[in-house]
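Undergrad: after the sequence you'll find the predicted model.
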Amino acid sequence: MRFTLADGTTIERRISECHFALAGVDGHSPVVLGEPGDEALLGTVTLEVMGLMLNPFTRTLEPMRMLLA
């Protein structure tokens, strides 16, 4: 898949799916397969799939308030 970075550079990376176990919760999420020199990043999609959110003030993972609407 082709991605455009913040500086406008275009890169290509492969996509897969991964099983995560984090903070007592587990689930599957799509992942971008990095290459040497790429930074690791736990993204919003993975956190949402697992029902977690990042508290930016304490820098901790917390359960997400789930709403049915």
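TA: Noted; the coordinates are in hand.

Undergrad: phi first, then psi, for Glu39.
TA: phi -90, psi 140 (degrees, to the nearest 10).

Undergrad: and what about Val45, helix, strand or coil?
TA: Three-state call for Val45 (DSSP: H, G, I helix; E, B strand; the rest coil): helix.

Undergrad: please tell me how far it sits from Pro36.
TA: Per C-beta to C-beta, to the nearest Å, Val45 is found 24 Å from Pro36. For every residue, glycine as well, the C-beta is placed using N, CA and C.

Undergrad: so for these two, which sits in the more crowded spot?
TA: Set Val45 next to Pro36 and count neighbours by other C-beta atoms under 10 Å: Val45 wins out with 11 against 4.

Undergrad: that one against Pro30, yeah?
TA: Yes: counting by C-beta atoms under 8 Å, Val45 touches Pro30, with 6.6 Å between them.

Undergrad: can you show me the helices along this structure?
TA: 44-49 (DSSP state H).

Undergrad: quick test: name the residue nearest the centre of it.
TA: Nearest to the geometric centre of the chain sits Gly43, at 2.0 Å (C-alpha atoms, centre = their mean).

Undergrad: I'm done for today, thanks for sticking with me.
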